[in-house]
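J.: okay, structure incoming, though there's no sequence with it:
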């Protein structure tokens, strides 16, 4: 059987303090697994309690036994970083200070920004190929509103 082995009595207090201070559900669960394992709950019991596979429970216990609390912390999430989701209002406003016709690569004669023109700007100047919806969502998040370009009918 594999159990958490506290090296001294202070470790139990550290785990309990971390449990009380935890704000993340997944971190709280990991800490709780460690505390219960130290109280001699076996891997199978912990697996059933937390609805996790036994290999995950064993990994948590091994990580803690080998490296302590720091080795138990979740790693940075993987995945592609957002292209423009974290752009600030200032960054958007700096781009839109100039009208689209002032950006030579765009080859546009209009003075007004549209979502399509912003998409073209991002492609030409930042090498970012992104949908109009993503641009709209990013602008909306920063509080910038651009009207849809409407075609006017002749009389």
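T.: Yep, that arrived. Everything quoted here is computed from the prediction, not taken from an experiment.

J.: do I have it right that residue 16 meets residue 38?
T.: No - applying CB atoms under 8 Å as the test, residue 16 and residue 38 come out as separate, 10.5 Å apart. C-beta coordinates here come from the backbone N, C-alpha and C atoms, glycine included.

J.: could you measure from residue 31 over to residue 145?
T.: Shown here: residue 31 relative to residue 145, a distance of 44 Å by CB to CB, to the nearest Å.

J.: just to revisit the earlier point, residue 16 and residue 38: which is more packed in?
T.: Using other CB atoms under 10 Å as the criterion, residue 16 and residue 38 rank with residue 38 on top: 17 against 12.

J.: all the strands of the chain, residue numbers only.
T.: Under the criterion DSSP state E, the chain contains no strands.

J.: show me what the worst-scoring helix or strand of the chain on mean pLDDT is packed against.
T.: Ranking every helix and strand in the chain by mean pLDDT, DSSP states H and E puts helix 69-72 at the bottom, with a mean of 84. Using 3 or more CB pairs under 8 Å, 6 or more residues apart in numbering; DSSP states H and E as the contact test, the elements touching helix 69-72 are helix 9-21, helix 25-38, helix 54-67.
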